[in-house]
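Engineer: Model the following, please.
(2 chains)
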Amino acid sequence: AQKVTQAQTEISVVEKEDVTLDCVYETRDTTYYLFWYKQPPSGELVFLIRRNSFDEQNEISGRYSWNFQKSTSSFNFTITASQVVDSAVYFCALSEVGDYKLSFGAGTTVTVRA
Amino acid sequence: EAGVVQSPRYKIIEKKQPVAFWCNPISGHNTLYWYLQNLGQGPELLIRYENEEAVDDSQLPKDRFSAERLKGVDSTLKIQPAELGDSAVYLCASSKTGSTEAFFGQGTRLTVV
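Structural biologist: Residues are numbered from 1 along each chain as shown, chains lettered A, B, ... in the order given. Presented below is the predicted three-dimensional model:
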């Protein structure tokens, strides 16, 4: 069975601070995908990134960066120089190859104050 | 290009009443998902369709929930009868066949009173 844990329920920061969201996962498969989604107040889940289990390279996209470490089963997400528009709930998710179901963590609510 | 469209956005019903949610996926996306999101939790898969076939409905409570995707495009999720515990957000998502990148709609927030 697969499982995703996001230990941080809520994080509150002041604008321009960096914020790191933790994600730890469990799976018995050697091949899987990891995802991050953003859910703003409007409710729609917005896809941010997908990584496969064979690619441990860290990735940067603008102010977003992701650190994938198979040795610790973690896929952490950092927002650099946070902005008020980053306020949302962020979900980490896992999908095993051949099983298109996404298993989500409970989410981390990020509040960025001006 | 239009995203995944769901309606209604909000629904309030009394317990024991029936309710239905509608989803229109992104054009060309043969895979359609219905997820349930309880307050403060991540979404959980209810059912996945490949075209008109339900290929994974193992998490769908079949005593009161049903879904259909008759022509392999839009889909309807029904609850009959609704219970208080069904209050949640029902999310629809779609993807191209074989792709793990799913696109979500805004969801239908159901309140059962």
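
Engineer: Could you tell me how far A:Val110 is located from chain B?
Structural biologist: Distance of A:Val110 to chain B, computed by C-beta to the nearest C-beta, to the nearest Å: 15 Å. Every residue, glycine included, has its C-beta placed from N, CA and C.

Engineer: what about the chain, any weak spots by pLDDT?
Structural biologist: All of this is about chain A. A:1 (pLDDT under 70).

Engineer: I was thinking of chain B, sorry if that wasn't clear
Structural biologist: Residues of chain B that meet the cut-off, pLDDT under 70, sit at B:1.

Engineer: Whichever residue of chain A sits closest to chain B - how many residues pack around it?
Structural biologist: Proximity to chain B, evaluated over chain A using C-beta to the nearest C-beta, is greatest for A:Phe104 at 2.8 Å. For A:Phe104, the count of nearby residues is 22 (other C-beta atoms under 10 Å in any protein chain shown).

Engineer: need the contact list for it.
Structural biologist: By C-beta atoms under 8 Å, 6 or more residues apart in numbering or on different chains, the contact list for A:Phe104 reads A:Val4, A:Tyr37, A:Phe91, A:Cys92, A:Ala93, B:Gly42, B:Pro43, B:Glu44.

Engineer: let's see it at 6 Å
Structural biologist: Contacts for A:Phe104 (C-beta atoms under 6 Å, 6 or more residues apart in numbering or on different chains) come out as A:Phe91, A:Ala93, B:Gly42, B:Pro43.

Engineer: Could you give the bridge partners of it?
Structural biologist: When assigned by DSSP bridges, A:Phe104 has beta-bridge partners A:Ala93.

Engineer: cool, and the one 5 residues further on?
Structural biologist: Here A:Thr109 shows beta-bridge partners A:Glu10, A:Val89, assigned using DSSP bridges.

Engineer: Burial check on the closest residue to B:Ala88 other than its chain neighbours, number of neighbours?
Structural biologist: Excluding its sequence neighbours, the residue lying closest to B:Ala88 (C-beta to C-beta, 6 or more residues apart in numbering or on different chains) is B:Asn38, at 4.9 Å. Other residues lying near B:Asn38 total 14 when counted by other C-beta under 10 Å.
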